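Colleague: Pasting a predicted model and its sequence here:
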Amino acid sequence: MIGNIIKKEFKELFVLSTLIPIVVIAIVYGSAGNMIGNVQESIKEKPVIGIVDMDDGNFSGIAMSVLTGNAKVVYNGSGVEEGLQEVREENGVALLAIPENFSHSIYANNPGEIEIYWIMKGAGMMDSISSGAVEGLIQAVNQEISKTLIQQGSSSDPALVLAPTKRVETTFFKGKEIEGLSPSTLSNMLMSQSIVIPIIVMMLIIMAGASVISSMGLEKENKTLETLLTLPVRRSHIVIGKMVGSALVGLIMAAIYMLGFSRYMTSFQSSNINLADFGLALGMPDYLLVGISLFTALLAGLALCIVLGTFAKNYRSAQALVFPITALALIPTFIIMLKDFDTIPAVLRVLVFAIPFSHPMMAMRALMLDNYWLVIGGIAYTAVFMVVMVAVAVRIFNSDRLLTGSVRKRAGLGRLGRGFRR
Amino acid sequence: MKAVEVRELVKDYGNFRAIKGISFEVNEGEIFGLIGPNGAGKTTALRTIATLLQITSGSITVFGYELPKAAGEVRKIISYLPEEAGAYKNLTGKEYLNFIAKFFGEGEKFQNMVQRGLEIANLGERINDKVDTYSKGMARRLLVGRALMVNPKLAILDEPTTGLDVVNAREVRRIINGAVEAGVAVLLSSHNMLEVELLCHRIALINDGKIVASGTAEELKKEYDARNIEEVFVKAIK
């Protein structure tokens, strides 16, 4: 008896329309797993650095010994510019320069200066892992110098023994030279500034998408769809009407959500660093671009939801169809949080670009770094995606699929435009 | 002008042929009934004429407009009542009539339509209640009101009295007759042969996707030497 019920439930739920999105999402997560695996592999590798020793003293010798023993040194010379060039070519993390008076300064009870020139590739959480390894090396240098100071009894200043070096940092990131900030500090700042948009996008897409898909399921379940389709209104107007209505609902719900979330986020932002001082602040045109990107992505997402919604047989099956949209919103959110668009593997880059929701998520950080092409290209792609999805939706509305679940003929692109006008 | 002209209509669902070349006409101001058992192709025929389904082959014209080319024009002059139609449950009956009427007119025209819908539905104060509180008969009266309030030139009614009790079914039939007196052409389907005999000026018997007989009830009874349409149908499909 129970087997009969299980069989019925299984057959009802295990259908192609719900299976395909799960398979696609599984493949995507598999790729994301590979990316994380690659990063973990890179953690085990020694960081690639360059060294410029202009001191040639006792303590710089200790530092050189620690650095050469624990890092892959691709440059060991006397020119900072030359060293930076070499480190860049070798895909390295940083160039560490020890100035002339390094040892002398420590013997004089002043911390020795280490100049660190960071080559920052991305602003994601995982992008700063390699710079973290270099931070570890500098700690090791400090420990070795401290040990020597204690053994030799060279200093009676406990503060110097505990911190025998100080850092002067310059970070090179996407053509910008940012003085006084390490990659991890910069990454954290950029993250705190740009995290809100991905969360808004994610909430908007999930909430508005769920309502548009559910609306399609309800139209079928409540038997109102047939009546709607025989009213003197263009199919494109039905599709756009559903999209805009859901977008408004999504906006209201996301706004309520964000009221709480922004309060939550501000509690973490204790940094006094002003991004504008480093040329990383956004102007009004930038915010306008972020807004356009957000709006086109929302409409593109909703157009996709309408197409998915046509597969819904009722409210229950509509709920299952919300899952792929949720996953599609979550994937770029996490990928972009972990890695920069430029530093993810090519396959994932194509995937992230192809998901229309990614673009507003990436927009703010891209604009801070003057990467206008990524944002404008993203808006153009998202707009094209939206138009194609609306055309597909209108085509489906004009076909038998909505009522019978099948299409008599495959719609060619040429017929999509004709469908729009009907 | 003919209200509807269907010529050699064929409709396939994949490999299944639901309608196998049917032809019939509906005149202005008449009630034409498509009758037959469940699965005979009645609903498919009505949905195709109502612009919901694509034509596999053959032709359909509605008041001179050819489908699917002039689907937009056809939708302006028809009103379709599906067999299992529903209304938006979160709306009141009056809000639902308002929603539909807005597609057909503005201002005074809109007001008149809604007023007509209210009269046809005849739900009294309950018209201001949410649709999901309505009984099946009340919901059907609302939907009939919705279908006829817009003054369509052609009303396509799929099993308009199905599931209704005798009183409600009689009321719906009275409303349909009233609409026809006002000049509306009606194409309806039913598997209730007695009802069709009472209501329709002309009928077509459909079975397995084909029309097996057509004419007035009297003509068919005479032709098949039968006492009623049910008997005609049984003899026609033999």
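Modeller: All right, it came through fine.

Colleague: going forward, measure contacts between C-alpha atoms and count neighbours the same way
Modeller: Fine.

Colleague: what's the neighbour count on residue 4?
Modeller: Looking at chain A here, since you left the chain open. Residue A:4 is flanked by 9 other residues according to other C-alpha atoms under 10 Å in any protein chain shown.

Colleague: oops, I was thinking of chain B
Modeller: Neighbourhood size, residue B:4 [other C-alpha under 10 Å]: 23.

Colleague: got a list of what it touches?
Modeller: For residue B:4, the residues meeting the contact criterion (C-alpha atoms under 8 Å, 6 or more residues apart in numbering or on different chains) are B:24-27, B:60-63.

Colleague: Apply 10 Å and report the result again.
Modeller: For residue B:4, the contact set (C-alpha atoms under 10 Å, 6 or more residues apart in numbering or on different chains) comprises B:24-28, B:49, B:60-66, B:154, B:185-187.

Colleague: next one: residue A:4
Modeller: Under the criterion of C-alpha under 10 Å, 6+ apart, the neighbours of residue A:4 are residue A:10.

Colleague: So it, which state does it fall into?
Modeller: Put simply, residue A:4 is helix when judged by DSSP: H, G, I helix; E, B strand; the rest coil.

Colleague: mind checking which helix or strand of chain B has the lowest mean pLDDT?
Modeller: One helix or strand of chain B scores below all others by mean pLDDT, DSSP states H and E: helix B:193-199, with a mean of 83.

Colleague: re the thing from before, filter the contacts of residue B:4 by proximity to chain A?
Modeller: Filtering the contacts of residue B:4 for proximity to chain A by C-alpha under 10 Å from any C-alpha of the partner chain leaves nothing.

Colleague: Mark which of those residues are buried, thanks.
Modeller: By neighbour count, with 16 or more other C-alpha atoms under 10 Å in any protein chain shown, those hold B:24-28, B:49, B:60-63, B:65-66, B:154, B:185-187 as buried.

Colleague: what two of those are the furthest from one another?
Modeller: Every pair in the buried ones among the contacts of residue B:4 was compared (C-alpha to C-alpha); the two farthest apart turn out to be B:66 and B:186, at 18.3 Å.

Colleague: name the helices or strands packed onto the least confident helix or strand of chain B?
Modeller: Using 3 or more C-alpha pairs under 10 Å, 6 or more residues apart in numbering or on different chains; DSSP states H and E as the contact test, the elements touching helix B:193-199 are strand B:31-35, helix B:166-181, strand B:185-190, strand B:202-207, helix B:217-223, helix B:229-236.

Colleague: With mean pLDDT added, can I get those in a markdown table?
Modeller: Listed next are the helices and strands packed on helix B:193-199 as a markdown table, based on pLDDT from 0 to 100:
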| stretch | mean pLDDT |
| --- | --- |
| strand B:31-35 | 92 |
| helix B:166-181 | 86 |
| strand B:185-190 | 91 |
| strand B:202-207 | 92 |
| helix B:217-223 | 90 |
| helix B:229-236 | 86 |
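
Colleague: I'd like to know which of these is closest to residue A:145.
Modeller: Within the helices and strands packed on helix B:193-199, the stretch nearest residue A:145 is strand B:185-190; the backing value is 96.1 Å (C-alpha to C-alpha).

Colleague: pLDDT below threshold where in chain B?
Modeller: Flagging of chain B using pLDDT under 70 yields an empty set of residue ranges.

Colleague: Could you look up the SS state of the most far-flung residue of it relative to its centre?
Modeller: Centroid-distance maximum for chain B: residue B:225 at 28.6 Å, with C-alpha atoms, centre = their mean. Counting by three-state DSSP, the backbone at residue B:225 sits in coil.

Colleague: In contact with it, which residues?
Modeller: By C-alpha under 10 Å, 6+ apart, the residues touching residue B:225 are B:219, B:231-232, B:235.

Colleague: so can I have JSON lines of those residues showing neighbour count and distance to residue B:77?
Modeller: Formatted as JSON lines, those follow (neighbours: other C-alpha atoms under 10 Å in any protein chain shown; distance: C-alpha to C-alpha, whole Å):
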{"residue": "B:219", "neighbour count": "12", "distance to residue B:77": "31"}
{"residue": "B:231", "neighbour count": "15", "distance to residue B:77": "36"}
{"residue": "B:232", "neighbour count": "21", "distance to residue B:77": "33"}
{"residue": "B:235", "neighbour count": "12", "distance to residue B:77": "37"}
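
Colleague: Redo these as a markdown table? Include distance to chain A.
Modeller: Formatted as a markdown table, the contacts of residue B:225 follow (distance: C-alpha to the nearest C-alpha, whole Å):
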| residue | distance to chain A |
| --- | --- |
| B:219 | 34 |
| B:231 | 33 |
| B:232 | 32 |
| B:235 | 33 |
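
Colleague: So for chain A, the centremost residue is which one?
Modeller: With distances taken as C-alpha atoms, centre = their mean, the residue of chain A nearest its centroid is residue A:336 (0.9 Å).

Colleague: OK, contacts around the residue most central in space within chain B?
Modeller: With the centre of chain B defined as its mean C-alpha position, the nearest residue by C-alpha atoms, centre = their mean is residue B:157, 1.5 Å away. If a contact means C-alpha under 10 Å, 6+ apart, then residue B:157 has B:33, B:43, B:46, B:50, B:79-83, B:144, B:147, B:176, B:186-190 as its contacts.

Colleague: how near is it to residue B:147?
Modeller: Shown here: residue B:157 relative to residue B:147, a distance of 9 Å by C-alpha to C-alpha, to the nearest Å.

Colleague: shared neighbours, the two?
Modeller: B:79-82.

Colleague: check those against chain A, which are close?
Modeller: Restricting the shared contacts of residue B:157 and residue B:147 to those adjacent to chain A (criterion: C-alpha under 10 Å from any C-alpha) gives B:79-82.

Colleague: Kindly indicate which of those lies nearest residue A:9.
Modeller: residue B:82 (29.1 Å).

Colleague: Quick check on the closest one: phi, psi?
Modeller: Recorded main-chain torsions at residue B:82 are phi -70, psi 160, according to degrees, to the nearest 10.

Colleague: which residues pair with the residue lying closest to it once chain neighbours are set aside across the strands?
Modeller: Closest residue to residue B:82 apart from its sequence neighbours, by C-alpha to C-alpha, 6 or more residues apart in numbering or on different chains: residue B:158 at 5.1 Å. Beta-bridge pairing for residue B:158 (DSSP bridges): residue B:189.
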